[in-house]
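Novice: Need a 3D model of the sequence below.
(chains A and B)
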Protein chains: 2
Amino acid sequence: MIFTANIYVSLKPTVSDPQGATVSGALSQLGFDSVKNVRVGKYITLEIDKPSKEEAESAVSNMCEQLLANTVIEDYKFEFQ
Amino acid sequence: MIFTANIYVSLKPTVSDPQGATVSGALSQLGFDSVKNVRVGKYITLEIDKPSKEEAESAVSNMCEQLLANTVIEDYKFEFQ
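Specialist: Modelled structure (predicted):
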């Protein structure tokens, strides 16, 4: 059975985010001056073929731990469509 | 009133995604061989101070059109927490 996973990887709140700061500055220059706390992360979608949702969840969790997120500085969450 | 927006920017389905292909290859090498169609996009969170949700939605939509997404090759969607 094929499951489609949406995975969200974001920097932990205590980690500085220079990319977010740059986007924030650019938005401000464009006139969007009521914006704060811009954080930029990754949004990964993939399809996984597993017999059950539990196995798919376990596999996606392992992928995040091993490759998709750097768990020292990043958090991840995922959901299935 | 402060709204927290989650913005998801992804390549359009017809656009080639080399980053996704690389991740797919790496997952395969790690033993995750039941994975297909990996696509990598951006996940942006920000806080916006507007009097109403409608105005916040309008502002975030404009931000996406003007800066956060390249609408020639990318789709975006957003939601408020």
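Novice: How much space separates A:S61 from chain B?
Specialist: A:S61 is 11 Å from chain B, where distance means CB to the nearest CB, to the nearest Å. All C-beta atoms are positioned from the backbone trio N, CA, C, and that covers glycine.
Novice: ignore the last one, A:K53
Specialist: When CB to the nearest CB is applied, the distance between A:K53 and chain B equals 14 Å.
Novice: which residues sit in contact with A:K50?
Specialist: Residues touching A:K50, when contacts are defined by CB atoms under 8 Å, 6 or more residues apart in numbering or on different chains, comprise A:1, A:3, A:56, A:59, B:34.
Novice: Between those, which sits nearest B:N70?
Specialist: Proximity of the contacts of A:K50 to B:N70, judged by CB to CB, is greatest for A:F3, which lies at 29.0 Å.
Novice: now the farthest one out in chain A, which residue is it?
Specialist: Most distant from the centre of chain A: A:G31, at 27.2 Å, with distances by CA atoms, centre = their mean.
Novice: so that residue, which of the three states?
Specialist: Recorded secondary structure, A:G31: coil (DSSP: H, G, I helix; E, B strand; the rest coil).
Novice: One more: A:T71?
Specialist: Three-state assignment for A:T71 (three-state DSSP): coil.
Novice: tally of neighbours for the nearest residue to A:D49 once chain neighbours are set aside?
Specialist: The shortest distance from A:D49 to any residue that is not its chain neighbour, by CB to CB, 6 or more residues apart in numbering or on different chains, is 4.3 Å, and that residue is B:S34. Burial measure for B:S34: 16 neighbouring residues, criterion other CB atoms under 10 Å in any protein chain shown.
Novice: CA-only coordinates of the strand of greatest length in chain A, as PDB, when you get a sec.
Specialist: Taking residue count as the measure and DSSP state E as the definition, the longest strand of chain A comes out as strand A:35-49. Listed in PDB are the C-alpha atoms of strand A:35-49, where the atom choice follows Å, rounded to 0.1, in the frame of the first residue of the first chain:
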ATOM      1  CA  VAL A  35       6.300  40.400  10.100                       C
ATOM      2  CA  LYS A  36       8.400  38.800  12.800                       C
ATOM      3  CA  ASN A  37      10.200  35.500  13.700                       C
ATOM      4  CA  VAL A  38      10.600  34.200  10.100                       C
ATOM      5  CA  ARG A  39      12.000  30.700  10.100                       C
ATOM      6  CA  VAL A  40      12.900  28.700   7.000                       C
ATOM      7  CA  GLY A  41      12.800  24.900   7.000                       C
ATOM      8  CA  LYS A  42      12.300  22.000   4.600                       C
ATOM      9  CA  TYR A  43       9.100  20.500   3.400                       C
ATOM     10  CA  ILE A  44       9.700  17.100   1.900                       C
ATOM     11  CA  THR A  45       7.000  14.900   0.300                       C
ATOM     12  CA  LEU A  46       7.600  11.300  -0.600                       C
ATOM     13  CA  GLU A  47       5.700   8.100  -1.400                       C
ATOM     14  CA  ILE A  48       6.400   4.900   0.500                       C
ATOM     15  CA  ASP A  49       5.200   1.500  -0.100                       C
END
